[in-house]
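In: I'll drop the sequence and a predicted model, then ask my questions.
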Amino acid sequence: MNKKPETELTLPQVLLMQAERSGGHVAIREKAYGIWQTYTWLDYLAFAKKVGLGLYSLGLKRGNNVGIIIDNHPEWLFSQLGGQALGAVMLNLFTSAISSEMAGTLNRIDAAYVIAQDQEQVDKLLEMRDSLSHVRKVIYVDRTGMSSYRGNEWLVSFADLLEAGEALEAKDPELFAREVGKGRPDDIALMIMTSGTTGISKLAMMSHSNFTEMASSWLETIPSGVDADWLSMSPPAWIVDQMWVGVALVGGMTMNFPETQETVLEDFRELGPAIIITSSRFWEDLASTIRVKMGDAGFVRRKLFHLAEHIGGRITDQESQGRPPGLALRFAGWLASVAVFHPLLDRIGCSRFHSAYTGGHPISPDVIRFFRSLGLNLKQCYGLTESGGIFQIQPDNEIKAETVGRPLSGMDVKISEDQEVFLLSKTVFRGYHNDFEATKAAFVDGWLRTGDAGYFDDDGHLVIIGRREEIIRNKQGEAFSPDFIETRLKFSTYIREAVTFGEGRPHITALINIDMGNVGNWAEERMIPYTTYTDLSQRPEVEELVSGEIRAVNERLPDSMKIRRCILLYKLLDADDEELTRTGKVRRRFVYGLYLKLINAMYEDRDNLDVKTTVRYRDGQVGTLETRVRILKLD
């Protein structure tokens, strides 16, 4: 067994170590057809070995770049670790990406091989094959619907790849071990796409040691131990699950894959994982779902929930202020937990969480307070792709809804003179692929520039204000972060997305996406007819509903931050239209450019505006949409 500490090993070398040390323990679970399938550490290694040797048999060379287009399935891990074992650099792409976007990213890295999930992803690649001359082979995992593709020499099934790897191992049993031994901790293991909120995503190059160092920091700060469970639900192209691949490898934890995104809450309930990190959108949607369903409940249940929520909120507020709740309040909280909160959390699969974290994008303190009042230990955390993942978390005994807590062990964080958050850590990325200037601009004297403005509060907690380049200064010179307003708007069950404007303007305005599901149900209950999203969003009753929600938020905002005008957008903001990133963040500059006429109209003395625009449908076709939007006055 390799006696080196994990931080001096590559990820495949750590896998080898875990297979020797914990071979019979469960490393991976996947739910398929309602049944949890298990893979031990020995199975994990065996599949990674077959994939790596299979790629070697196809001509893979050390240093080649390999694209992976796979959802949350074990084949993602087998492919990633197998390729890395042979010295390849892996890049995960979003399965939701359109064909041209996918081809553009693969071209940027001159991918030699691509491992794709299914027919849908293969069809995207075949559509762009003429521009992918550097791709030697495409390996597909799911053979469903692929029988008519058998004559295509560009395509290889995952099963055939495994067979080729097994045959090569039989000829040279020591080949895999020799190749794994050539790896060095500072070798590039992975490229990860940045969020791309301000332009084309950059490709952050991450070394093996970036992930093992981050794993070491996490395990030192929050010891989870062998057999702890992690439910993989974030896209593999996002840094969070990639970070946890390292944590699971180093810590001997089990990676679990849900059957579908729709069964996640049910799978939570069955597994009972102790820890979860996911996007703010997940918690916003879950809070909205709970509040809508409780609103639809019978009178007694609804009143009981609101009473329990009030009690939980009082306890949460006192604890956040460092004041222990009195005996009577603690007893009332116990009754609320037994009668309401525990059954509710069990129903949504969250009753056994030790810690739940939200990251990736700012979240409203109202959402944090809501879940904490229910007894769920939800906390904010902070990190970015370039930092190697999450490096700031809230300690359990120091919860503050507005902060992102303290740095993990081994992380140095400081605030520059112009309020930018800087990080110094061994987890920081090695640079951007083929972009020396951007890499140079990302560092100052060895410190990583996060691009976020922030400050430390009196207790040493980091408070993130927002992206420095997105800070708005109105005509009066007052500065604020759009996120501060937008996260509070999105706590409404009827608002899906909000984008605020006001740079150099006399007041703040907003473009609003309604929540189609919740607003649609609200309309149906009141017998309000509608046909499409566009039709529903422009109904006068819906405009009044959303205006009331915004006015309620305005009451809690300073005068300079109050929204004076808004428009309910006639379409949902969409990543395919470049309005959102693939992780759901608003690309503010693109939205501003696309909807400039609407934004300008809100600052003019107008009541409505006729709109004619193009929309892209899911099948790639482009259509024309004509409608009239009203400018809602909220003064």
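Out: Arrived safely.
In: Please make it C-alpha for all contacts and neighbour counts, starting now.
Out: Noted.
In: and P5, how many neighbours?
Out: When counting by other Cα atoms under 10 Å, one arrives at 10 neighbours for P5.
In: from now on call the first residue 8
Out: With the count now opening at 8, the last piece we talked about shows up as P12.
In: Roughly how far does it sit from L415?
Out: Between P12 and L415 the distance, using Cα to Cα, to the nearest Å, works out to 19 Å.
In: Let me know the pLDDT of the residue nearest the centre of the chain.
Out: The structure's the chain has its C-alpha centroid closest to S286; by Cα atoms, centre = their mean the separation is 4.6 Å. Per-residue pLDDT puts S286 at 86.
In: which residues does it contact?
Out: For S286, the contacting residues are 241, 365-368, by Cα atoms under 8 Å, 6 or more residues apart in numbering.
In: can you give me the strands in the stretch 458-607 of the chain?
Out: 469-474, 479-480, 486-487, 502-508, 515-521, 570-575 (DSSP state E, counting those that start in this stretch).
In: Quickly run through the sheet partners of the second one, with directions.
Out: Strand 479-480 has its sheet partners listed here by DSSP bridges as strand 486-487 (antiparallel).
In: How far does the partner strand sit from its chain's centre?
Out: Centroid displacement of strand 486-487 relative to its chain, using Cα atoms, centre = their mean, to the nearest Å, is 26 Å.
In: Kindly report the same for stretch 122-138.
Out: In this view, stretch 122-138 has its centroid 24 Å away from the chain centroid, taken as Cα atoms, centre = their mean.
In: residue ranges with poor pLDDT in the stretch 208-357 of the chain?
Out: Scanning the stretch 208-357 of the chain for pLDDT under 70 picks out 230-234.
In: TSV for the strands of the stretch 458-607 of the chain, including mean pLDDT?
Out: TSV is the format used below for these (pLDDT from 0 to 100):
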stretch	mean pLDDT
strand 469-474	89
strand 479-480	84
strand 486-487	82
strand 502-508	95
strand 515-521	96
strand 570-575	96
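In: Pipe those into TSV and attach distance to G600 and mean neighbour count per row.
Out: Output for the strands of the stretch 458-607 of the chain, formatted as TSV (distance: least, Cα to Cα, whole Å; neighbours: other Cα atoms under 10 Å):
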stretch	distance to G600	mean neighbour count
strand 469-474	19	20
strand 479-480	16	18
strand 486-487	21	17
strand 502-508	12	22
strand 515-521	13	25
strand 570-575	16	24
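In: re earlier: from E37, how far off is the residue nearest to the centre of the chain?
Out: Taken as Cα to Cα, the span from S286 to E37 is 22 Å.
In: just Q268 next, same as before
Out: Between Q268 and E37 the distance is 13 Å, computed by Cα to Cα.
In: Helix, strand or coil: sort out V411 for me.
Out: coil (DSSP: H, G, I helix; E, B strand; the rest coil).
In: In contact with it: list those residues for me.
Out: For V411, the contact set (Cα under 8 Å, 6+ apart) comprises 386-389, 399-401, 468-471.
In: do D353 as well
Out: D353 sits in contact with 276, 359, where contact means Cα under 8 Å, 6+ apart.
In: Tell me what the residue nearest to the centre of the chain is bridged to.
Out: What pairs with S286, by the bridge criterion (DSSP bridges), is G366.
In: again, but for I195
Out: I195 has these beta-bridge partners by DSSP bridges: S214.
In: and it, how many neighbours?
Out: Neighbourhood size, I195 [other Cα under 10 Å]: 23.
In: So L84 versus V247, what's the distance?
Out: Here L84 is placed at a distance of 14 Å from V247 (Cα to Cα).
In: Which positions within the biggest helix by length in the chain qualify as buried?
Out: Counting by DSSP state H, the longest helix found in the chain is helix 306-327. Using 16 or more other Cα atoms under 10 Å as the burial criterion, the residues of helix 306-327 that qualify are 309, 312, 315-324, 326-327.
In: Which SSE is immediately downstream of it?
Out: Note on helix 306-327: by DSSP states H and E, the next helix or strand toward the C-terminus is helix 334-343.
In: Can you give the distance of stretch 268-281 from its chain's centre?
Out: 17 Å.
In: quick one, strands of the stretch 108-257 of the chain?
Out: Secondary structure of the stretch 108-257 of the chain, counting by DSSP E, counting those that start in this stretch: strands at 120-123, 144-147, 162-164, 195-200, 210-214, 236-238.
In: Grab the nearest non-local neighbour of F378.
Out: L385 (6.5 Å; Cα to Cα, 6 or more residues apart in numbering).
In: what do you get for S29?
Out: Nearest-residue entry for S29: W48, 6.6 Å, with adjacent residues in sequence omitted and distances by Cα to Cα, 6+ apart.
In: Contact partners for that neighbour?
Out: With Cα under 8 Å, 6+ apart as the criterion, the residues that contact W48 are 22, 25-26, 29-35.
In: at 7 Å instead, please
Out: W48 sits next to 25-26, 29-34 when contact means Cα atoms under 7 Å, 6 or more residues apart in numbering.
In: Next: M200.
Out: Contacts for M200 were tallied using Cα under 7 Å, 6+ apart; they are 208-211.
In: Filter the residues you listed down to the buried ones, ChimeraX style.
Out: Only the buried entries of the contacts of M200 go into this ChimeraX selection, using 16+ other Cα under 10 Å:
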select :209,210,211
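In: So which of the contacts of M200 is the closest to E562?
Out: Compare each of those with E562 using Cα to Cα and the shortest gap goes to S208, at 37.5 Å.
In: was I right about the closest one contacting I199?
Out: No - taking Cα atoms under 7 Å as the definition, S208 is not a contact partner of I199, at 9.3 Å.
In: Can you report how many residues neighbour the nearest residue to N615 once chain neighbours are set aside?
Out: Residue nearest to N615 in three dimensions, not counting chain neighbours: R637, with 4.1 Å by Cα to Cα, 6+ apart. Other residues within reach of R637, judged by other Cα under 10 Å, total 20.
In: Name all residues that make contact with M97.
Out: Shown here is M97, whose contacts under the criterion Cα under 7 Å, 6+ apart are 72-74, 87, 196-198.
In: which element is it on?
Out: Using DSSP H and E, M97 sits in strand 96-99.
In: For that strand, list every residue counted as buried.
Out: With burial defined by 16+ other Cα under 10 Å, the residues of strand 96-99 counted as buried are 96-99.
In: Contacts for the longest helix of the chain, please.
Out: 301-302, 331-332, 339-340, 343, 347, 376, 379-381, 406-407.
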